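K.L.:
Pasting a predicted model and its sequence here:
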Amino acid sequence: MKSARALARRGLQGTVSRDDPGRAELMGERENAAAVRRMWELFEAREWGEAASKFDDDFVAYWPHTKETFRGARNFVEMNRAFPDWDHIAIGRIVAKGKLVVSEIIVTAGTRVFRAASLFEMSTGKLRHATEYWVEEGSEKPPAWRAPFADRPR
């Protein structure tokens, strides 16, 4: 049986399951991944008020590609609400390790397709910080030097 203290020594969050004292259960990772999944589902459903409840009061998101910082859940949710003419959010992978959750989504807006990789830091089950990398498919022309190494679209 692994104790919460033994898990903490390995850098993991955890508690011993009361239902099965012989098995240690990593608490938090599943819940954190579920919170991120639920946030994307609520964005997809355009349930903005409920989506805002998934964020910590001190939430901050940073987009390195544009050097923008969005402070507060309200600003982040309203910015997503204001995104022009998007149709659908498809959730790809969601992976959690401790308080970190990484998600991959695809957003369609008419004929345009965007991909985002988001790194969320969680606090007490809520999204506290995010760094997101967004790219529009086909928006960059690959450099010529990579041609010998990559398959290219025709």
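P.N.:
Perfect, thanks for sending it.

K.L.:
Next secondary structure element downstream of the host helix or strand of N75?
P.N.:
Element membership for N75 (DSSP states H and E) is helix 73-82. On the C-terminal side of helix 73-82, the nearest following helix or strand under DSSP H and E is strand 88-97.

K.L.:
Would you indicate which residues of that following strand are buried?
P.N.:
89, 94, 96 (16 or more other Cβ atoms under 10 Å). Backbone N, C-alpha and C define where each C-beta goes, glycine included.

K.L.:
could those residues be laid out in TSV, adding distance to R30 and pLDDT?
P.N.:
Shown next, in TSV, are the buried residues of strand 88-97 (distance: Cβ to Cβ, whole Å; pLDDT from 0 to 100):
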residue	distance to R30	pLDDT
I89	21	96
I94	11	98
A96	7	96
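
K.L.:
so where is the protein shaky, pLDDT-wise?
P.N.:
1-27, 154 (pLDDT under 70).

K.L.:
Can you show me the strands along it?
P.N.:
Assigned by DSSP state E, the chain shows strands spanning 15-16, 24-25, 55-63, 68-71, 88-97, 100-109, 112-123, 126-136.

K.L.:
Dump the ones you listed to TSV, plus distance to W48.
P.N.:
Shown next, in TSV, are these (distance: least, Cβ to Cβ, whole Å):
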stretch	distance to W48
strand 15-16	33
strand 24-25	33
strand 55-63	11
strand 68-71	15
strand 88-97	13
strand 100-109	16
strand 112-123	18
strand 126-136	15
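
K.L.:
A45 is nearest to which of the ones you listed?
P.N.:
With Cβ to Cβ as the measure, strand 88-97 is the member of these nearest A45 (9.4 Å).

K.L.:
List the contacts of that closest one.
P.N.:
With contact meaning Cβ atoms under 8 Å, 6 or more residues apart in numbering, strand 88-97 is reached by 29-30, 32-33, 36-37, 40-41, 43-44, 101-108.

K.L.:
swap in stretch 30-41?
P.N.:
Contacts of stretch 30-41 (Cβ under 8 Å, 6+ apart): 51, 54-55, 89, 91, 94-96, 99, 101, 103, 105, 118, 120, 122, 125-127.
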